[in-house]
Structures are given as C-alpha cells and as structure tokens.
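Participant: model this:
(one chain, ligands or ions: 3)
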Amino acid sequence: MKSNSTHDLTLDCEKLPLHVAIIMDGNGRWAKKKMMNRVKGHEQGSQIVRSIVTAARELGIGTLTLYAFSTENWARPKYEVQALMILLKKFIASERKELLKNNIRLNVIGQKHKLTSDVQKEVDITMELTKDNNKMLLNLALSYGSREEITSAVKQIAEKIASKSLDPKDITQDLISDHLYTKAMPDPDLIIRTGGEYRLSNFLLWQAAYSEIYISDTFWPDFTRDEFIEILKNYQERDRRFGKVACNTSNDG
Ligand code: IPE
Ligand code: IPE
Ligand code: MG
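Facilitator: Ligands and ions are numbered 1, 2, ... in the order given. Below is the predicted model:
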C-alpha cells in the first residue's frame with residue numbers, strides 16, 4: 001500500500017531497515033526518452049547515487065547496497081561497458097573525500113578481479129582509506145551475480161570438505177551465508193528496483209529470502225531523496241511475518 005501523504009516525510013527511527021539494497025535500473029530508457037545516447041543515462045544515473053548515499057547515511061541506515069553492474073552486463077556492447085567502467089572509476093575517485101568526511105566504509109561485492117585495472121585500483125585505495133569508517137557500509141555490487149556468488153560459495157565449501165577441514169554435517173544456513181560476498185552483513189530488509197521491471201535480475205537471491213520488495217516506475221536518473229523516503233515509509237507500514245502469524249494475532253482464538 002502506498003502512502004497518500006507524499007508531503008509528510010516523517011520516518012519511524014525505531015523501524016528503519018538495517019540494510020537497503022537498490023537495483024538502479026532505467027538509465028538507458030531515461031536517455032532514450034530524451035533522444036540521447038544510453039551513456040548519457042548512465043552519466044545522469046551516477047549523479048543520483050551521491051544524493052541517495054547521503055540520504056541513507058543521514059537517515060541512519062547501516063548498510064546500503066547498490067547494484068551497479070551485473071555479471072550479465074558484460075554482454076552489452078563494448079562501448080557501453082567501457083563507458084560504464086570509466087564512469088565507475090570517476091565516481092569512486094570523486095566520492096572518496098565525501099565518504100571519508102561522512103564516515104562511510106566502501107566495500108565491493110562481486111568479481112572485483114574482473115573489473116578493469118584502473119577501476120580496481122580506485123576501489124582498493126578507497127576501501128583501504130575508509131576501512132575503519134563505521135557510520136554506514138556502502139556496498140557496490142560490481143560484476144555481481146547471485147548465481148556466481150552461490151557457485152563460488154559451493155566451491156569453497158567443497159574444497160574445505162575435500163581437505164577435511166569441514167564435515168558435511170556442519171553445513172548450515174549460516175555457514176553458507178558466511179561464504180557469500182555479504183558475509184557478516186544483515187540480509188537486505190528492503191530491495192528497491194527502479195525502472196519498473198518486476199524481477200530480481202540475479203541480485204541477492206539467497207539474501208532476499210525475506211526481503212520486502214518495492215518496484216518504482218521511476219527511471220534511476222529521475223530518482224529522488226523524497227521518493228526514497230516515501231519508499232522507506234511504505235516499508236515501515238508493512239507487516240513482516242517471516243512465515244509466522246501477525247504479532248497482533250491472538251493465540252487463544
Ligand atoms: C541500469 O540501467 C544500469 C546498468 C544495468 C548498468 P540500464 O542500462 O539497464 O537501463 P535500461 O533498463 O536499459 O533502461
Ligand atoms: C539489473 O538491470 C542490473 C543493474 C541494475 C546493474 P538489468 O537492466 O541488467 O536487468 P534486466 O536485463 O532488465 O533483467
Ligand atoms: Mg536495465
């Protein structure tokens with residue numbers, strides 16, 4: 001249910017999601033609508049990231065994960081992939097100061113080794129510089145694919161069994177979670193997808209087991225802080241049951 005009170009942006013601080021993950025989709029269609037090249041959409045999209053990171057930090061969200069480039073996105077035309085890598089490099093370099101100033105730690109989930117060497121370099125420098133920051137964790141999902149992540153976890157676990165450092169009977173859900181890129185992070189409470197598509201596109205499949213999902217028709221380059229807050233309000237109105245019965249349901253029938 002969407003709240004009607006678009007101007008009342010008050011949030012309940014007690015019910016903030018610990019982890020918000022965003023599928024930032026719609027850059028290409030935004031550009032197309034304006035008769036521009038898709039790359040223009042990515043450029044505009046990268047401008048929006050800063051405002052949402054700032055909003056998340058100010059609101060007190062502990063972990064923000066942004067899906068910026070998927071394992072499947074490598075199959076896009078070469079010029080688009082190159083443009084995305086250049087934008088990523090610029091973005092990470094230009095945000096470094098802001099992250100330091102705002103006590104935000106940068107982390108990457110995904111196949112960091114597959115990124116171009118200059119992107120990797122910017123990522124490594126920024127991750128190292130911000131490693132002790134503790135106001136918010138900013139996870140960039142880069143060359144990220146959930147199936148790749150799970151496959152890699154299975155391989156690591158199999159290797160431990162083969163070397164006898166792990167007994168199959170000790171495989172638990174927590175152990176599997178500990179072999180994912182999101183190890184030690186809370187599962188996303190809320191997954192937002194902009195651009196209006198109703199799918200997860202290989203994003204956090206294991207971690208999304210009980211995530212609340214919000215699909216916005218807004219193309220990512222048009223996404224705003226106000227819409228973000230509205231979505232958080234919508235989240236706060238939901239009844240998360242985790243398979244159980246609602247908290248206010250009486251037991252004695
Ligand atoms: C999301 O926007 C950004 C990336 C996937 C890198 P798209 O480029 O997918 O935009 P649409 O979905 O084609 O509009
Ligand atoms: C998902 O968007 C990936 C990112 C936003 C980085 P896509 O545009 O790649 O997903 P599909 O192709 O619509 O499923
Ligand atoms: Mg898309």
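Participant: C-alpha only now, for contacts and for neighbours.
Facilitator: OK.
Participant: give me the pLDDT for the residue nearest the centre of the chain.
Facilitator: Among the residues of the chain, the one closest to the centroid is Thr65, at 2.4 Å (C-alpha atoms, centre = their mean). Note for Thr65: predicted pLDDT of 99.
Participant: okay, now the sheet partners of whichever strand or helix holds it, with direction.
Facilitator: According to DSSP states H and E, Thr65 maps onto strand 63-70. Paired neighbours of strand 63-70 in the sheet (DSSP bridges): strand 19-23 (parallel), strand 136-144 (parallel).
Participant: tell me the helix or strand right after it.
Facilitator: Toward the C-terminus from strand 63-70 - assigned by DSSP H and E - lies helix 78-101.
Participant: which other helices and strands does that following helix contact?
Facilitator: If you count contacts as 3 or more C-alpha pairs under 8 Å, 6 or more residues apart in numbering; DSSP states H and E, helix 78-101 packs onto helix 38-59, helix 117-129.
Participant: please enumerate the helices of the stretch 101-250 of the chain.
Facilitator: Remark: helices assigned in the stretch 101-250 of the chain by DSSP state H, counting those that start in this stretch are 117-129, 146-162, 173-177, 225-236.
Participant: does ligand 1 sit close to the strand holding Thr65?
Facilitator: Yes. Judged by C-alpha under 6 Å from any ligand atom, strand 63-70 comes into contact with ligand 1 through 68-69.
Participant: just to revisit the earlier point, between the strands paired with strand 63-70, which one is closest to Ala246.
Facilitator: strand 19-23 (22.2 Å; C-alpha to C-alpha).
Participant: what angle do that closest one and helix 38-59 make?
Facilitator: 170 degrees (axes from the mean of the first three to the mean of the last three C-alpha atoms, to 10 degrees).
Participant: strand 19-23 vs ligand 1: in contact?
Facilitator: No. Remark: strand 19-23 sits outside contact range of ligand 1, by C-alpha under 6 Å from any ligand atom, the gap being at least 7.7 Å.
Participant: and that strand, is it in reach of ligand 2?
Facilitator: Yes. Using C-alpha under 6 Å from any ligand atom, strand 19-23 reaches ligand 2 at Ile23.
Participant: show the average pLDDT along that strand.
Facilitator: 99.
Participant: so what does the next helix or strand after that strand touch, helix or strand wise?
Facilitator: Using DSSP H and E, the helix or strand that follows strand 19-23 in sequence is helix 27-33. Using 3+ C-alpha pairs under 8 Å, 6+ apart, the elements in contact with helix 27-33 are helix 38-59.
Participant: ok, back up a step: out of the helices and strands packed on helix 78-101, flag the one nearest Leu205.
Facilitator: helix 38-59 (22.8 Å).
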